[in-house]
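Enquirer: model the structure of this input:
(one chain, ligands or ions: 2)
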Amino acid sequence: MGNSLRDLLFGQDRRDLATAHLPRRTFADVVLPPATRRSLDNALVQIRKHDVIFNQWGLGERHESGLGLAFNFAGPPGTGKTVCAEAIAHALGKRLLVVRYNELESQWAGATAKNVAAVFASAAEQDAVLFFDEADAIAGRRFSNVEQGYQREANAVVNVLLRELEEFSGVVIFATNLAANFDPAFERRIRTHILFEQPGPDEREMIWRVQIHARKTPLGDDVDFRALAARYPGTGGDIKNAVLKAAQMAIAEPGDDAEKRIWQRHFESSMEEVLGAKRVMDQTLFGDAASMAALAAARPGPELDEELSALASRLVEVEDAVTSMTEELRRVQRAQADALTRIDQLRGTVEAAGATAAESARTTGAAAERRSALALGLAAAAALLSALTAALTLL
Ligand SMILES: Nc1ncnc2c1ncn2[C@@H]1O[C@H](COP(=O)(O)OP(=O)(O)O)[C@@H](O)[C@H]1O
Ligand SMILES: [Mg+2]
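Expert: Ligands and ions are numbered 1, 2, ... in the order given. Got it, this is the predicted structure:
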């Protein structure tokens with residue numbers, strides 16, 4: 001969040017916005033559903049091959065724009081999007097520049113767009129992977145009807161972002177929730193959407209395990225992660241919070257610290273607390289009666305998990321369909337552009353012929369009627385071609 005006075009006097013403090021860090025977390029720290037893991041592996045392959053083509057094969061020197069790779073990590077909070085952005089940077093041996101959109105936003109006209117340009121420049125300078133966390137606000141932001149200053153400002157910011165994306169030759173990752181609704185121009189610049197789903201019981205069991213220290217965390221001998229995973233739904237983020245809470249509960253009990261253990265009851269009550277707090281959040285988010293009823297009916301359990309994963313795979317199919325439709329549309333647009341060029345050439349020819357016919361009808365007198373009829377016909381053809389052009393342009 002910008003401090004407005006400092007902002008005004010000195011401009012935004014760019015160092016706050018744009019320091020890249022060496023990532024510490026790797027793919028070993030994250031447990032993902034197999035489909036998500038595969039998509040991430042594919043993304044890494046794309047990035048590495050991209051590097052070969054554009055750096056070793058020199059194509060980056062021959063072409064100046066459209067060289068970057070942009071990905072979108074889509075999923076509910078706490079499903080590991082941030083950890084995976086770190087893991088990607090780590091796997092590439094690069095720094096990670098994490099940007100939160102609301103931190104770029106300035107109330108001063110034009111400053112937000114400058115901040116956007118600044119973070120791209122800084123990522124390029126540090127050869128960092130650029131990560132726009134909580135990017136929902138940017139994704140679908142352009143207004144088609146600009147009436148207010150803030151709408152013009154928002155459009156300007158997205159336009160700058162698109163331009164920077166076009167010119168950036170590194171890796172950019174956006175994190176959004178599932179409902180984010182992308183601006184079509186933005187969508188075109190994003191190569192791949194990677195879906196982060198809620199973990200199922202098997203993944204949850206492994207997440208419980210990675211959230212404790214394998215040797216140092218003292219566990220009671222009744223601890224059963226399988227049972228915890230089966231009993232409590234929730235994301236990796238929820239499990240992480242529950243583990244930390246359980247440790248606090250355990251250490252707060254009276255006695256010698258060296259004797260203390262985290263027992264199953266600690267994990268159970270901490271997880272209940274975490275999920276309870278989340279339900280309160282949901283109530284405020286979905287305050288109306290109908291969604292409350294839907295929430296109450298949606299009992300967590302295997303059926304819901306199945307339904308969710310069926311929905312997720314439908315979503316992937318829909319995404320594929322949309323991608324191929326976009327390609328189709330682009331082909332149509334290209335065909336249209338070709339048609340327009342040809343019509344234009346044709347009109348040139350017709351108009352020239354019309355002029356010649358009119359000229360000769362005037363000068364020779366003989367068979368003048370036929371020639372001026374021809375000239376009229378050609379003029380009509382030219383008008384028809386103009387109308388056709390107008391119609392095609394309207395499409
Ligand atoms: N799939 C996962 N496997 C292991 N830990 C996870 C996973 N997802 C989330 N976590 C834990 O929850 C914390 C928050 O996750 P984060 O990556 O910030 O989620 P998101 O960015 O999707 O909101 C992480 O620091 C990590 O400890
Ligand atoms: Mg995050």
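
Enquirer: what does the stretch 1-150 of the chain put close to ligand 1?
Expert: 30-32, 75, 77-83 (CB under 6 Å from any ligand atom). Backbone N, C-alpha and C define where each C-beta goes, glycine included.

Enquirer: could you redo the last one with a cut-off of 8 Å?
Expert: By CB under 8 Å from any ligand atom, the residues of the stretch 1-150 of the chain that approach ligand 1 are 25, 29-32, 73, 75-85, 133.

Enquirer: buried subset of those residues as a ChimeraX selection?
Expert: With 16 or more other CB atoms under 10 Å as the criterion, this ChimeraX line picks the buried residues out of those:
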select :25,29,30,31,32,73,75,78,79,80,81,82,83,84,85,133
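
Enquirer: mind showing which ranges of the stretch 101-250 of the chain have poor pLDDT?
Expert: Residue ranges of the stretch 101-250 of the chain with pLDDT under 70: 107-109, 140-147.

Enquirer: residue in the stretch 101-250 of the chain nearest to ligand 1?
Expert: As assessed by CB to the nearest ligand atom, ligand 1 sits closest to Gly236 within the stretch 101-250 of the chain, at 2.3 Å.

Enquirer: is it true that that residue touches Gly78?
Expert: Yes: counting by CB atoms under 8 Å, Gly78 is a contact partner of Gly236 at 5.9 Å.

Enquirer: picking that back up, got a list of what the residue of the stretch 101-250 of the chain closest to ligand 1 touches?
Expert: By CB atoms under 8 Å, 6 or more residues apart in numbering, the contact list for Gly236 reads 30-31, 78-80, 83, 199, 207, 211.

Enquirer: in helices, which of the residues you listed fall?
Expert: 83, 207, 211 (DSSP state H).

Enquirer: show me what secondary structure element comes after the helix or strand that contains Asn159.
Expert: Assigned by DSSP states H and E, Asn159 belongs to helix 149-167. Downstream of helix 149-167, the next assigned helix or strand under DSSP H and E is strand 171-176.

Enquirer: using CSV, write down the CA coordinates of that following strand.
Expert: Presented in CSV, the C-alpha positions along strand 171-176 are these (Å, rounded to 0.1, in the frame of the first residue of the first chain):
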residue,chain,number,x,y,z
VAL,A,171,9.0,-16.0,-16.9
VAL,A,172,5.9,-14.4,-15.4
ILE,A,173,3.5,-16.2,-13.1
PHE,A,174,0.1,-14.9,-12.0
ALA,A,175,-1.8,-16.4,-9.1
THR,A,176,-5.6,-16.0,-9.2
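
Enquirer: report the buried residues of the helix or strand following that strand.
Expert: For strand 171-176, the following helix or strand on the C-terminal side (DSSP H and E) is helix 184-189. Residues of helix 184-189 classed as buried by neighbour count (16+ other CB under 10 Å): 186-187, 189.

Enquirer: ok, now stretch 97-113?
Expert: Across stretch 97-113, burial judged by 16+ other CB under 10 Å covers 97-101, 103-106, 111-113.

Enquirer: now, those residues that are in helices?
Expert: 101, 103-104, 111-113.

Enquirer: now, which of the residues you listed sits nearest Arg62?
Expert: Closest approach to Arg62 among these (CB to CB): Ala113, at 29.5 Å.

Enquirer: next, count neighbours for the spatially closest residue to the closest one that is not a sequence neighbour.
Expert: The shortest distance from Ala113 to any non-neighbouring residue, by CB to CB, 6 or more residues apart in numbering, is to Val160 (4.2 Å). Other residues near Val160 number 18, with proximity taken as other CB atoms under 10 Å.

Enquirer: thinking Val160 is in contact with Asn115, fair?
Expert: No: using CB under 8 Å as the test, Val160 is too far from Asn115 to be in contact (9.4 Å).

Enquirer: what distance separates stretch 199-210 from the centre of its chain?
Expert: 26 Å (CA atoms, centre = their mean, to the nearest Å).

Enquirer: so Phe131 sits right up against Ala85, yeah?
Expert: Yes: using CB under 8 Å, Phe131 is in contact with Ala85, at 4.4 Å.

Enquirer: identify the contacts common to these two.
Expert: With CB under 8 Å, 6+ apart, Phe131 and Ala85 have common neighbours 96, 98, 173, 175.

Enquirer: what sits closest to the last one if chain neighbours are left out?
Expert: By the measure of CB to CB, 6+ apart, the closest residue to Ala175 outside its immediate chain neighbours is Lys81, 4.3 Å from it.

Enquirer: next: the first one.
Expert: Here the nearest residue to Leu96 in space, its sequence neighbours aside, is Ala89; by CB to CB, 6+ apart that works out to 3.9 Å.

Enquirer: ligand 1 versus that neighbour, what's the distance?
Expert: Noted for Ala89: a distance of 13 Å to ligand 1, by CB to the nearest ligand atom, to the nearest Å.

Enquirer: so where does that residue fall, helix or strand?
Expert: Per DSSP H and E, Ala89 falls inside helix 81-92.

Enquirer: what lies in contact with that helix?
Expert: 23-27, 29-30, 32, 40, 43-44, 47-48, 73, 75, 95-96, 98, 128-129, 131, 133, 171, 173, 175, 196, 236.

Enquirer: can you pull the domain assignment for the protein?
Expert: 4-197, 201-308, 334-394 (automatic domain parsing).
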